[in-house]
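# below: sequence and its predicted model.
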Amino acid sequence: MRIFLVLSMVLGFASSALTQNKKIEAADELYYYHKYHEAITAYMEILEDEKSIDRAHVTAQIAKTYWHLHDYENSEIWYEKLVRLGSGYDAESHYEYGQLLRDMAKYKLAREQFEDYVKMSGKFHLEDPLMAMCDWPQENTSVGRTIIAMTNIETGGVCMGFTNMKDALLVSHPQSQDFSEHTVYYDLATAKNIDSVNFKSPILLPGETNHSFYEGAPSFTADGKKMYYTSNASENEKYKEKKAAKKGISHDGVNVLEIYEATLENGRWVNIHKLEINDPEHNNAFPHISDDGSRLYFASDRPGGEGLMDLYVCLKTGDSTWSEPKNLGPHINTFENDIYPYIHNDNFYFSSRGLPGYGGLDVFKAPYKVGEIGDPVNMGMPINTEKDEFCLVFKDSGDCKGYLASNRDGTHGYDHIYYFNILDEVNPYDTLSGTVLSQLTEEPLSDVIIKLYEKEDDGSFTLKDSLVTDNTGNWDVVALKDREYKLEFELKGYNPHEEMIPVNDNKVPSNREKILTKLNPFEMEMSLDPGSVLTLRNIYFDFDKANIRSDSRKILNNLIKVLNEHPEVRIELGAHTDAVGPNDYNMRLSDKRAKSCRKYLTDNGIAANRIEAKGYGETQIVNGCWKWNDCTEEENEVNRRVEITILDKIVSSAN
């Protein structure tokens, strides 16, 4: 049932033949359109104010509405009231009550309700799977070695899906915060991670994806240029019946869910269009694109399936065309909801309520190879519980760490996003990673030499790996989870740095993760040893001028901070040019630029006797570009720089 709570926005104004008065009709309409918070309020008012009503109908509706809200405690109370009333307790109520009891891990009582359901409905083909759903969790009680921790991401009560990005999650973010009282809608937003369980406030995705109602369940192509996601087919709340189809609304007033494609251009998601595989009369949701971009998996309640929501696949036949959807078959799909497909490392993951599990939606894993999907296996506890678990994604290339959505905490069905770490003894390795920045420029440092030493049993350290940072300042190394390490950072002009990396202690976050968080990013400090030279290519001047540009003042302000913290240090500011123009002109220009930097420092409180300023013109070309027209612009740019040289230190400063 979660699919209709999670992503369906139903709009329209149909009458109900089951109701006896206008108030019940209005409440039933709210229920039909999945506005469950509003429906509960309406039904409760009817029970308080109306005497001559169909009490069994209203009681049943309240029980069902609380179940749709995943408020299991209140739903059970109202199903018990319905049982005592006797009338109105039909076959479907037995089924729903049985599912509710499974969600509360009351498997024996659930079995009794399912037995009554099979007898009353005559659906004897469901007897074996329903009994298995009650017996299986009682026979599979072992708990795996997995860390589960709640993140701080606000879901608005109902998780609408998410996917992993570099250093972030792309989530479906509630448009308002009154979700505990009213139905709210969702936009796609990026939540940057601070560590594994803490994230910064989500920022709406730039571009044209977000609209009035629901956007969620995103999936990216491997190159990050295309995104597939779920959204309502229409933004229309009111329509004329004859024009419903043109407005993207089904014949019975349902604003169905459809799958859309977006393209990343200049940092914005644009060229939004829905795929032709959508069915205007039925929901299509939760897309997942394979790594090679050739297959699109999704869930749909279109006719011809095995149950409520089934999983389908389409093959790409052109730049923007897809084959007809193909049902994944009865070994994957069930008589219940099967949703949230996801492929990772030759495995196919999805959530099902119809396969044997602990209750609610469970996450299943099946081998996957070139489009062929093997038999699914329940991922067990604690990945799964008697509540709903869905939208599992991994955070990196490994098979251990990732995120999933669940309403496992409490009795009132509030979805949260959880971090998990499967402690797999078969895979004893960790990836250590981070980013190195300059303390002065606050920009990435390339060519930083990083050495990884492993601590031996006798306390000594052995060099295990050596690497250099790329032009983004990033680095990563593979290390054993149960070993202690030492990282060394070296770069000319900066102080060397050493960091101890402890054993992964399986805490959340682990002490190892805390250290790595400190190193991501890590700012290297400039060396203050006499003779040390630090080259700055980020102090900018307008062409043919010596005035310091505003975008260079941050670097000089950081230098002022360092000099104030070390009043004994004297420096030389040396300005250099490329070989463009006459030699004597370049010498005068560089001298003016060096003195301009010196004046900025003295104007901000640094004593003049601590700073020497000198222009070198083109006398110290560093890459052989003595003839500027023999080199590219990028090669000439290397020679345009300011160098900070640490001179002899003084005992005191005129500061």
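Yes, it's here. Since the model is a prediction, treat every value here as computed from it, not as a measurement.
# who touches the residue nearest the centre of the chain in this structure?
By Cα atoms, centre = their mean, the chain has its centre lying nearest to Leu169, at 1.5 Å. Counting by Cβ atoms under 8 Å, 6 or more residues apart in numbering, Leu169 touches Ile153, Phe162, Thr163, Thr190, Ala191, Asn193, Phe199, Tyr403, Ile417. Backbone N, C-alpha and C define where each C-beta goes, glycine included.
# my read: the fourth one touches Leu205, true?
Looking back up the chat, that one is Thr190. Yes - using Cβ atoms under 8 Å, Thr190 makes contact with Leu205 at a distance of 6.2 Å.
# between the two, who's got more neighbours?
Leu205 (22 against 18; other Cβ atoms under 10 Å).
# thinking again about what came up before, strands - which of the contacts of Leu169 land there?
Phe162, Thr163, Thr190, Ala191, Tyr403, Ile417 (DSSP state E).
# now the first one: closest residue in space, sequence neighbours ignored.
To tie it back to what came earlier, the one meant is Phe162. Excluding its sequence neighbours, the residue lying closest to Phe162 (Cβ to Cβ, 6 or more residues apart in numbering) is Val171, at 4.3 Å.
# list the strands paired with the strand or helix carrying the one you found, with their directions.
Taking DSSP states H and E as the definition, Val171 sits inside strand 168-174. Applying DSSP bridges, strand 168-174 is found paired with strand 162-165 (antiparallel), strand 186-192 (antiparallel).
# so which of the ones in strands among the contacts of Leu169 is the closest to Leu440?
Proximity of the ones in strands among the contacts of Leu169 to Leu440 (Cβ to Cβ) peaks at Thr190, which lies at 29.1 Å.
# related to what we said a few turns ago, which residues are in contact with each of Thr190 and Leu205?
The contact lists of Thr190 and Leu205 share Leu170, where a contact means Cβ under 8 Å, 6+ apart.
# show me where pLDDT drops low in the stretch 151-300 of the chain?
Along the stretch 151-300 of the chain, segments meeting pLDDT under 70 span 180-181, 233-254.
# redo that, cut-off 90
The stretch 151-300 of the chain contains residues with pLDDT under 90 at 156-158, 160, 166-167, 174-186, 193-198, 211-214, 232-256, 279-281, 291-292.
# counting by contacts, list what the helix or strand hosting Ala594 packs against.
Element membership for Ala594, per DSSP H and E: helix 583-603. When contacts are defined as 3 or more Cβ pairs under 8 Å, 6 or more residues apart in numbering; DSSP states H and E, helix 583-603 packs onto helix 553-565, strand 571-576, strand 611-617, strand 641-646.
# CA atoms of it as PDB?
Extracted in PDB, the C-alpha atoms of helix 583-603 (Å, rounded to 0.1, in the frame of the first residue of the first chain):
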ATOM      1  CA  ASN A 583      61.800  43.300 -20.300                       C
ATOM      2  CA  ASP A 584      62.000  46.700 -18.600                       C
ATOM      3  CA  TYR A 585      58.300  47.200 -18.700                       C
ATOM      4  CA  ASN A 586      57.700  43.800 -17.100                       C
ATOM      5  CA  MET A 587      60.300  44.600 -14.400                       C
ATOM      6  CA  ARG A 588      58.500  47.900 -13.500                       C
ATOM      7  CA  LEU A 589      55.100  46.300 -13.600                       C
ATOM      8  CA  SER A 590      56.100  43.400 -11.300                       C
ATOM      9  CA  ASP A 591      57.800  45.800  -8.900                       C
ATOM     10  CA  LYS A 592      54.500  47.900  -8.700                       C
ATOM     11  CA  ARG A 593      52.500  44.700  -8.100                       C
ATOM     12  CA  ALA A 594      54.800  43.500  -5.300                       C
ATOM     13  CA  LYS A 595      54.700  46.900  -3.600                       C
ATOM     14  CA  SER A 596      50.900  46.900  -4.000                       C
ATOM     15  CA  CYS A 597      50.700  43.600  -2.100                       C
ATOM     16  CA  ARG A 598      53.100  45.100   0.600                       C
ATOM     17  CA  LYS A 599      50.900  48.200   1.000                       C
ATOM     18  CA  TYR A 600      47.800  46.100   1.500                       C
ATOM     19  CA  LEU A 601      49.500  44.200   4.300                       C
ATOM     20  CA  THR A 602      50.900  47.300   6.000                       C
ATOM     21  CA  ASP A 603      47.500  49.100   5.700                       C
END
